[in-house]
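Engineer: for reference, the sequence and a predicted model appear below.
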Amino acid sequence: MEEQKIGSSQILEALKNMNDITGQVQRASGEMASSILVVRDEIESLHESAHDIQDLMDVIVTEVKEIEGTTGVVLDSSDRTGKIISTMESYIGRFKV
């Protein structure tokens, strides 16, 4: 009978340990679930930031192209102005003072 009592106590202790471990696993699973939600939110935020950066880069590329076009116009104007000044200098050189 004593052996049964000892055996029953050991079984009850093992079941208590199993119950404790199950509780620890449940708590850890809950923490993992919370952490996964945080990671998911951070990934979504990172994705949105990457999208915003891409949009800004597209704007920069467009503006650089516009600047290049404007620079070309300015260079053409400068060349024409230089030619006009040269022509005017040659005409002015014809006049005697």
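Structural biologist: Done, it's in. Numbering: from 1, shown residues only.
Engineer: can you tell me which residue sits nearest the middle of this structure?
Structural biologist: Ala50 (3.1 Å; C-alpha atoms, centre = their mean).
Engineer: per-residue pLDDT, that residue?
Structural biologist: Listed pLDDT for Ala50 reads 98.
Engineer: Gly93 now?
Structural biologist: pLDDT for Gly93: 79.
Engineer: contact partners for it?
Structural biologist: By C-beta atoms under 8 Å, 6 or more residues apart in numbering, no residues touch Gly93. Yep, even glycine has a C-beta here, placed from its N, CA and C like the rest.
Engineer: just to revisit the earlier point, the residue nearest to the centre of the chain and Val38, how far apart?
Structural biologist: The gap separating Ala50 from Val38 is 19 Å, by C-beta to C-beta, to the nearest Å.
Engineer: okay, now Val59: neighbour count?
Structural biologist: Neighbour count of Val59, defined by other C-beta atoms under 10 Å: 10.
Engineer: Met57 too?
Structural biologist: Met57 has 10 neighbours, counted by other C-beta under 10 Å.
Engineer: which residues touch it?
Structural biologist: Going by C-beta under 8 Å, 6+ apart, Met57 touches no other residue.
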